[in-house]
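Asks: requesting a structural model of the entry that follows:
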Amino acid sequence: PSAGRYHHAMATVQNTLGSLIRRQRELASLPMRQLAAMSGISGPYLSQIENGLRFPSDQVLRNLASAMGIDPDELVPPESDEDDAAAARDAMHDLIKVDPNLTGAQRRALIEVYDAMAAPAASATSAPAAEPQE
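Replies: Below is the predicted model of the structure:
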């Protein structure tokens, strides 16, 4: 694994989100500067988000969605199929594996925790949730 793979994976996530925001802005017929002003951010910052150069905070995403009159969930990529889920898992593993701030043991532990947490989310979309036991 290399830092290049990390940056590539992060760029893919940012570009996808930026494309969704741009598409929603265009559907709302809002000029970039107007949407930026309505959302409380600068035009250049919105441009960077749409071009995948910056990743907005949750609050900025909520402000953008509100200004466009849409639910913030519409700025989340659509549900993925098993191939997309596997690709997302692999991308997350790649990101963890190349993080220079983690030791080998931390990387292994983080991957294990990620897989344990992501597995219930994946199975929840394909099977009904069990009722909690008391």
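
Asks: which stretches of the chain have low pLDDT?
Replies: 1-15, 77-84, 120-134 (pLDDT under 70).

Asks: let's see that with 80 instead.
Replies: 1-16, 75-88, 119-134 (pLDDT under 80).

Asks: mind listing the helices for it?
Replies: 3-27, 32-39, 43-50, 58-68, 82-98, 104-124 (DSSP state H).

Asks: contact partners for the residue nearest to R62 when sequence neighbours are not counted?
Replies: Computed as CB to CB, 6 or more residues apart in numbering, the closest residue to R62 that is not its neighbour in sequence is P72, at 5.1 Å. No exception for glycine: its C-beta is placed from N, CA and C like everyone else's. P72 makes contacts with 61-62, 65-66, as judged by CB atoms under 8 Å, 6 or more residues apart in numbering.

Asks: among those, which one lies nearest to M92?
Replies: The closest of the contacts of P72 to M92 turns out to be L61 (CB to CB; 19.9 Å).

Asks: okay, that closest one and P72: tell me how far apart.
Replies: According to CB to CB, to the nearest Å, L61 stands 6 Å off from P72.
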